[in-house]
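Enquirer: prediction below, plus the sequence it came from.
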Amino acid sequence: MAYDHYVAICKPLLYTVIISQRVCYMLEVVPFLYSTFVSLLVTIKIFTLSFCGYNVISHFYCDGLPLLSLLCSNTHEIEVIFMVLTYSNLIFSFLVIIVSYLIILKLILRMKSAKGRCKAFSTCRSHLMVVMVFYGTLFFMYVQPKSSHSFDTDKMTSIFYTLVIPMLNPLIYSLRNKDMYMKKIMEKIIKHN
């Protein structure tokens, strides 16, 4: 979406040429294949090691970090793989989004029309809100020292980014819709009563 917004705002006349059907497929297929590869790599690596002792995961879904606590084997190699993949995925994807929005912000600030600035900013506002909340929880969950990891805190954080944020997405993205403003909603409720 960050790339789509970048093209829509910075190169609006070339939008249909740049965001072609082929580019849309590539933007879908490449992350899908990459995430499948990373998930399989970590899963296969974890399940080639031996588990021992208590076999109940203190989590509400099967994530890599809680599984590591159940391993008897030396987990150093899988921890390094997990850390490198996590940090590179988070930082690379976050940087792509930030760079695209910095370019957009630079263009918006150069616009002479206040109405044009407002319209361009409203195009990005909802996506930026979702990005900040989502990446904030991911950085909180995965980019912290091992000594400060608490599985109870991790459970709450993972509930937030797997359940709460997706539930908020329709509400956040509909903020651009003029019918979603609270004043309009209240007027409609009052008129119907």
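Expert: It's in.

Enquirer: wait, doesn't Y135 sit right on L90?
Expert: Yes. Applying CB atoms under 8 Å, one finds Y135 in contact with L90, separated by 7.3 Å. In short, each C-beta sits where N, CA and C put it, glycine included.

Enquirer: check which residues of the helix ranked longest in the chain are buried.
Expert: If you go by DSSP state H, the chain has its longest helix at helix 76-110. By neighbour count on 16 or more other CB atoms under 10 Å, the buried set for helix 76-110 is 78, 81-82, 86, 90, 97, 100-101, 104, 108.

Enquirer: closest to P66 among the residues you listed?
Expert: Proximity of the buried residues of helix 76-110 to P66 (CB to CB) peaks at F82, which lies at 11.9 Å.

Enquirer: verify the stated contact: the closest one with G64.
Expert: Yes. Here F82 reaches G64: they are 5.6 Å apart, a contact under CB under 8 Å.

Enquirer: what are the phi and psi values at T75?
Expert: Note on T75: its backbone torsions stand at phi -100, psi 10 [degrees, to the nearest 10].

Enquirer: again with L71
Expert: phi -80, psi 140.

Enquirer: any chance you could map the helices in this structure?
Expert: 2-10, 15-18, 21-47, 64-68, 76-110, 114-142, 151-159, 165-173, 182-192.

Enquirer: so which elements touch the fifth one?
Expert: Meaning helix 76-110. When contacts are defined as 3 or more CB pairs under 8 Å, 6 or more residues apart in numbering; DSSP states H and E, helix 76-110 packs onto helix 2-10, helix 21-47, helix 64-68, helix 114-142.

Enquirer: quick one, it and helix 21-47 angle?
Expert: Computed by axes from the mean of the first three to the mean of the last three CA atoms, to 10 degrees, the angle separating helix 76-110 from helix 21-47 equals 150 degrees.

Enquirer: appreciated, that's everything.
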